[in-house]
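Undergrad: sequence plus the predicted model coming up.
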Amino acid sequence: MRTEIRICGFGGQGIILAGIILGKSASLFDGKEAVQTQSYGPEARGGASKCEVVISDTSVDYPKVQSPDILVAMSNEALMKYIVDLKDEGTLIVDPTTTDVEDVKEFIDEHNIKVYEAPATKTATDEIGLKIVANIVMVGAITKITEVISKEAAIKAIEASVPKGTEEKNIAAFEAGYALVEK
Amino acid sequence: MAEEFFIQGNEACAKGAIAAGCRFFAGYPITPSTEVAETLARELPKVGGSFVQMEDEIASAGAIIGGSWGGAKSMTATSGPGISLMQENIGYAFISETPIVIVDVQRGSPSTAQPTMAAQGDMMQARWGSHGDYEPIALSPSSVQEFFDFTIKAFNLAEEYRCPVFVMADEVIGHMREKIVVDDDIEIVARKRPEMSDDYLPFENIENGTTPMPAFGDGFNIHVTGLTHDERGYPDTNNPETHDKLIQRICDKVLNNKDKICSVKSEGCEDADIVIVSYGAPVRSVVEAVNRSDKKIGYIKIDTPWPFPDEEVAKLTANAKDVLVVEMNLGQMYYEVDRACKRNSNVHLMGVIGGLLPTPDEILEQIDRLGGN
Amino acid sequence: MSEQKQNRFLPYMREDRLPHIFCPGCGNGAIINAFLAAMEKAEMDFDNIAMVSGIGCSSRIPGYLKCDSLHTTHGRALSFATGLKTANKDLDVVVFTGDGDAASIGGNHLIHAARRNINLTVICINNNIYGMTGGQISPTSPKGSFGTTAPYGNQDAPFKLAELVAAAGATYSARWTTVQIENLVLAIKEGLQNPGFSFIEVATQCPTYFGRKNKLKTPTAMAAVMKANTVFKSAADRMRPKELEGKIVVGEFANAQRDEFTQNIDKISVEKFGKKTLINSAYEEEL
């Protein structure tokens, strides 16, 4: 099965790293195939930067995301811009601190979108004391909600991707995100 | 033990270069190839190599030729605007038979056009970009793994045939991340040092064309020039015979070894009505389209656009009614395919520009327009 | 056949390449002699010298000398030399270039090589004209001089190369003329010994093109004018710009030490990773 994931937000929120961790988890630790792509240039620095991951049990030939099964939005501008591609009955995960799902309510209702709120920014600030790990909190939430990667793989991928010495804080952030949402 | 990494194409290229023995890189920042330079700036000092950011791409190409004669396997990486600037010194590398590797991560062109978008518009720059006659070798990767593997292969071919080798990648492959597997027994071709003797000729007209080259400082005291030269390397610019021999040999050493250099992969071509030919990133869309279609479609993936594998393409398309070339330009390799097929079949072009990889759906639509069962 | 005294520098020449292509009265011969004399004075190992040149009359010099020589593309000698020296910093790399090669088409490479302070010795033979292509004006042609592309006289101000290169960061820069061979030899010797970017500009005569176009028909006439127009830097420093118009200021324009480019590269490898920069690694099966 092929799953297409798009994570979007402000440049600087760490959404690229979040996508890399998903791809790394799937391809290096879950025995699946994965391709990660991202936006470049001025777009990558603005309010609607995006990172995409395709995860599949078989080889990923066409590498780009066309209509995501899962959209993760960490800025309102990105949410408004990218929701239009989301598949019918797809999954939308938003950070309520930085987005307003009311703005896309019509689309959600029309296309039967499953919406999850994961307050990643607030959790990162309040529980970890580091706003910059909001992306890793979000990876925890994505893992729990979508089961597109395993928890074990995610932890290994985080350890292999974050700067040395920050592993503990990042794993804590992941666990906090994993505990955020009831499934 | 094989190691696995989940990395970007450009990083894989840099990793491949180091694995192949590259110890000198000179380049100039340009999107979308910059990560190759950035990775090598970080990694080369760890393995006793040197990284230089030059003042422009003309200088980058010059520096790697100097580096190669200095005894280091040398590489540069760039994109369209840079490859245009390098052409003068690329021609010099051909006539002076200097092994170098030039990586081109292609973007929308001409001019500065689309820095962050993908294209395959430089294929003829690799073939004919510098003035005059020469036979280039070029490899086009379709995955991050291939960007790693082909960079190593490029270094090996450069040493084997003492000539520049291009790795013609594109923005899609350069920027995407995928898993690569790095084996611990990678085959590397080391440069062969000639034996010191009074009758050593650095540009000898030998049968198979490639004479071993010394490094500067080895004591051979050789003269290397971009002028037409005799077998000693001495300029002999007004003698038609000297020029003819030199240029013929430089071309022949590649052409006569096409069976060893050329590489294509194919599937289902023997009984196909339609054969799709592609190279680089579009191969991925083609494979998915072929897998999804219930028509009798085969595909050819060209690993080495140059020298063009015309015999293999002719053989694999012999039974097809239609041949479709999918590439990200308005028709470059299309003409090579058309020539190779010698009009046994109808050759069509699906030329996509604008920066986006053609989708499998777009290819399937094109196939529907061709008909077939 | 009458017995001729053999030139003492003949052993350094590729005898099988002679006769050379330089015109009668050209300064290149004197400059080759000056270079070889300087090299001996500096006690350099000729076998360790690698030469790089671009395109033009002066760039043909390395082809006549029996050492490794890279005769490259127009203006690009310094970029090839940068690669060569970086790949093997044990080599003594000497670059022969001319005014068109170094200052026009290669101007950017010139200032950047100086900025990097890479250990190269550059001998720039400045004859104020393009000789190889038949007498066109160059970026150092004096204002008012004539060339085939300045039939009504050159309207542009010339570059002052030794000063330009000094300003760009060279650790040794000097200018002398072919009528001051002893000073020239000493300057080249200094340049060879300086462990950084060294630039020696030699003002020279091109009787064939510059002379003919500018009513200086013989090498002697050119030498006389050159001599008459020469001003030592110490004197020039006290002269007004107006008085210096058309003069050739000779002397040293830079002579100071700072970090060298390839040493800096080596330092990073050694200090951060305990690795010396490899030499001749292309020939190794395993690294």
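TA: Good, I have the coordinates.
Undergrad: distance from stretch B:336-347 to the middle of the chain?
TA: Relative to the centre of its chain, stretch B:336-347 is centred 23 Å away, using Cα atoms, centre = their mean, to the nearest Å.
Undergrad: buried residues in that stretch?
TA: B:336-338, B:340-341, B:345, B:347 (16 or more other Cβ atoms under 10 Å in any protein chain shown). (Each C-beta comes from the backbone N, C-alpha and C, glycine too.)
Undergrad: ditto for stretch A:96-107
TA: Using 16+ other Cβ under 10 Å as the test for burial, stretch A:96-107 gives A:97-99, A:101, A:104, A:107.
Undergrad: for stretch B:307-326, same thing?
TA: Buried residues in stretch B:307-326 (16+ other Cβ under 10 Å): B:307-310, B:312-317, B:320-326.
Undergrad: what ranges in chain A fall below the confidence cut-off?
TA: Scanning chain A for pLDDT under 70 picks out A:183.
Undergrad: and the closest residue to chain C within it, what element?
TA: For chain A, the nearest residue to chain C under the criterion Cβ to the nearest Cβ is residue A:164, separated by 16.2 Å. Using DSSP states H and E, residue A:164 maps to neither a helix nor a strand.
Undergrad: what count of nearby residues applies to it?
TA: Look at residue A:164: counted by other Cβ atoms under 10 Å in any protein chain shown, it has 6 neighbours.
Undergrad: report the contact partners of it.
TA: With contact set as Cβ atoms under 8 Å, 6 or more residues apart in numbering or on different chains, residue A:164 has no partners.
Undergrad: any figure for the gap between it and residue B:25?
TA: The gap separating residue A:164 from residue B:25 is 26 Å, by Cβ to Cβ, to the nearest Å.
Undergrad: what's the closest non-adjacent residue to the residue of the stretch 151-287 of chain C found nearest chain A?
TA: At 16.2 Å from chain A, residue C:272 is the closest residue in the stretch 151-287 of chain C, using Cβ to the nearest Cβ. Closest residue to residue C:272 apart from its sequence neighbours, by Cβ to Cβ, 6 or more residues apart in numbering or on different chains: residue B:45 at 6.5 Å.
Undergrad: among the buried residues of stretch A:96-107, which are located in helices?
TA: Per DSSP state H, helices hold the following members of the buried residues of stretch A:96-107: residue A:107.
Undergrad: any chance of the buried residues of stretch A:96-107 in CSV, plus distance to residue C:86?
TA: Shown next, in CSV, are the buried residues of stretch A:96-107 (distance: Cβ to Cβ, whole Å):
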residue, distance to residue C:86
A:97, 51
A:98, 48
A:99, 51
A:101, 57
A:104, 56
A:107, 57
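Undergrad: ok, so of the buried residues of stretch A:96-107, who is nearest chain B?
TA: Scanning the buried residues of stretch A:96-107 for proximity to chain B, where the rule is Cβ to the nearest Cβ, the winner is residue A:107, at 22.7 Å.
Undergrad: tell me the contacts of that closest one?
TA: A:83-84, A:86, A:113.
Undergrad: before we move on, what about residue C:68?
TA: Counted by Cβ under 8 Å, 6+ apart, residue C:68 has contacts B:69, B:216-217, B:220-223, C:49-51.
Undergrad: which residues of the stretch 251-373 of chain B fall in strands?
TA: Applying DSSP state E, counting those that start in this stretch to the stretch 251-373 of chain B gives strands spanning B:264-267, B:274-278, B:297-302, B:322-327, B:346-351.
Undergrad: got a list of what the nearest residue to residue C:67 once chain neighbours are set aside touches?
TA: In this structure, residue C:67 finds its nearest non-sequential neighbour in residue C:49, 4.8 Å apart by Cβ to Cβ, 6+ apart. For residue C:49, the contacting residues are C:39, C:67-68, C:91-94, by Cβ under 8 Å, 6+ apart.
Undergrad: could you redo the last one with a cut-off of 10 Å?
TA: By Cβ atoms under 10 Å, 6 or more residues apart in numbering or on different chains, the residues touching residue C:49 are B:216-217, B:221, C:12, C:35, C:39, C:62, C:65-69, C:91-94, C:121, C:192.
Undergrad: from the buried residues of stretch B:307-326, which are also near chain C?
TA: Among the buried residues of stretch B:307-326, not one lies near chain C by Cβ under 10 Å from any Cβ of the partner chain.
Undergrad: point to the residue nearest the middle of chain C.
TA: In chain C, the centroid-proximal residue (Cα atoms, centre = their mean) is residue C:123; its distance is 1.6 Å.
Undergrad: from residue B:227, how far off is that residue?
TA: Taking Cβ to Cβ, one finds residue C:123 at 21 Å from residue B:227.
Undergrad: the chain: strands as residue ranges?
TA: Since you didn't name a chain, this refers to chain A. A:2-9, A:33-38, A:49-56, A:70-73, A:91-94, A:114-117 (DSSP state E).
Undergrad: wait, I meant chain C there
TA: Going by DSSP E, chain C shows strands at C:49-53, C:68-71, C:92-98, C:120-126, C:129-130, C:136-137, C:172-177, C:198-203, C:230-232, C:248-255.
Undergrad: got TSV for those, with mean pLDDT too?
TA: Putting these into TSV (pLDDT from 0 to 100) gives the following:
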stretch	mean pLDDT
strand C:49-53	98
strand C:68-71	98
strand C:92-98	98
strand C:120-126	98
strand C:129-130	97
strand C:136-137	96
strand C:172-177	98
strand C:198-203	98
strand C:230-232	97
strand C:248-255	98
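Undergrad: looking at these, which is nearest to residue A:180?
TA: Residue A:180 lies closest to strand C:120-126 among the strands of chain C, at 61.8 Å (Cβ to Cβ).
Undergrad: so how many other residues sit close to residue B:239?
TA: Per other Cβ under 10 Å, the neighbour tally for residue B:239 reads 12.
Undergrad: same question, the one 4 residues further on
TA: When neighbours are counted by other Cβ under 10 Å, residue B:243 registers 15.
Undergrad: quick one: contacts for it?
TA: Residue B:243 is in contact with B:227-229, B:236-237, counting by Cβ under 10 Å, 6+ apart.
Undergrad: ok, residue A:55 next?
TA: With Cβ under 10 Å, 6+ apart, residue A:55 has these contacts: A:1-5, A:22-23, A:25-27, A:30, A:32-36, A:69-70, A:146, A:148-149.
Undergrad: now, which of these lie close to chain B?
TA: Within the contacts of residue A:55, those near chain B by Cβ under 10 Å from any Cβ are A:2, A:23, A:25-27, A:32-36.
Undergrad: farthest-apart pair in these, please.
TA: Maximum pairwise distance among the ones next to chain B among the contacts of residue A:55 (Cβ to Cβ): 16.4 Å, between A:2 and A:25.
Undergrad: neighbour count winner among the two?
TA: Using other Cβ under 10 Å, the more surrounded residue of residue A:2 and residue A:25 is residue A:25, with 30 against 14.
Undergrad: residue A:140 is in contact with the more buried one, correct?
TA: No. In terms of Cβ atoms under 10 Å, residue A:25 does not count as a neighbour of residue A:140; the distance is 11.8 Å.
Undergrad: which neighbours do the two have in common?
TA: A:151, A:154-155, A:158.
Undergrad: what's the residue in the stretch 1-150 of chain C positioned nearest to chain A in contact with, if anything?
TA: Closest residue of the stretch 1-150 of chain C to chain A, Cβ to the nearest Cβ: residue C:108 (27.1 Å). By Cβ under 10 Å, 6+ apart, residue C:108 lies in contact with B:54-56, B:58-59, C:75, C:78-79.
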